[in-house]
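Peer 1: after the sequence you'll find the predicted model.
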Amino acid sequence: MESATTLAAILCTILIHSTLINSFTEFPTAYEVLEDYSFPVGLLPDRVVRGYDLNRITGEFSAYLNGTCRLFEGGYQVKYESKITGFISDSNLSGLKGVSVLFFNKWRKIGQILRHGNHVHFFSGVAAEKFHIRDFDESPVCVWHEPEADLLDQQA
């Protein structure tokens, strides 16, 4: 009987220890990080983000996608490069590189995204566009996706 009690105590200790380790080693997804900074998840395309780096002190970040991604959203064609960089703070994405929108048959870089109340503002040079936050409740799906492996094969 004593050995059964000891075994049960050991198993409970292992389970509690495993749970604590897992809770400290699990990193939030890139979508969860967006939400932490008051942005909707729909700013990033669905199922193509493979990782990210974030300096929580400076806000500098890099997001890594499985490849280049294009999608149509709100009447616009948007292109995400395989690496997106910039700075993030509460309700402000600035110094963005790697996200473009097709405007008058020319790709324009989106340099900043601000959230103000229930709206998200996109800035590309001197042009700006405002959308309701609910337009980004869900992540859009790429209609054209070029995986990095395919890009490497084409360059060889």
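Peer 2: Received it, and whenever you're ready, just let me know what you need.

Peer 1: going by C-alpha atoms from here, please, whenever you check contacts or count neighbours.
Peer 2: Noted.

Peer 1: tell me the pLDDT of Pro28.
Peer 2: Here the pLDDT value assigned to Pro28 is 93.

Peer 1: between the two ends of stretch 58-67, how far is it?
Peer 2: From its first residue to its last, stretch 58-67 covers 26 Å (Cα to Cα, to the nearest Å).

Peer 1: and the contacts of that stretch?
Peer 2: In this structure, residues lying in contact with stretch 58-67 by Cα atoms under 8 Å, 6 or more residues apart in numbering are 30, 48-55, 81-89, 145-148.

Peer 1: rerun at 10 Å
Peer 2: For stretch 58-67, contacts defined as Cα atoms under 10 Å, 6 or more residues apart in numbering pick out 30, 44-45, 47-55, 80-90, 93-98, 145-151.

Peer 1: need phi/psi at the residue positioned nearest the centre of the chain.
Peer 2: Central residue of the chain (Cα atoms, centre = their mean): Ala30, 3.9 Å from the mean position. When read as degrees, to the nearest 10, the backbone of Ala30 gives phi -60, psi -30.

Peer 1: if I look at it, how far off is Val41?
Peer 2: Applying Cα to Cα to Ala30 and Val41 gives a distance of 8 Å.

Peer 1: do the same with Asn55
Peer 2: 19 Å.

Peer 1: so which of the two has more stuff around it?
Peer 2: Per other Cα atoms under 10 Å, whichever of Asn55 and Val41 has more neighbours is Val41, with 19 against 11.

Peer 1: give me the nearest residue to that one, chain neighbours excluded.
Peer 2: Tyr31 (5.0 Å; Cα to Cα, 6 or more residues apart in numbering).

Peer 1: wait, isn't that neighbour in contact with Asp46?
Peer 2: Yes - counting by Cα atoms under 10 Å, Asp46 is a contact partner of Tyr31 at 9.4 Å.

Peer 1: comparing the two, which residue is more hemmed in?
Peer 2: Tyr31 (18 against 14).

Peer 1: for the more buried one, what are phi and psi?
Peer 2: phi -70, psi -40.

Peer 1: now the end-to-end length of stretch 26-34.
Peer 2: End to end - Cα to Cα - stretch 26-34 spans 17 Å.

Peer 1: and the contacts of that stretch?
Peer 2: With Cα under 10 Å, 6+ apart, stretch 26-34 has contacts from 35-36, 38-46, 49-54, 62-64, 88-91, 93, 139.

Peer 1: mind giving me the ChimeraX command for buried ones among these?
Peer 2: Provided next is the ChimeraX selection string for whichever of the contacts of stretch 26-34 are buried by 16 or more other Cα atoms under 10 Å:
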select :38,39,40,41,42,43,44,45,49,52,54,62,63,64,88,89,91,93,139
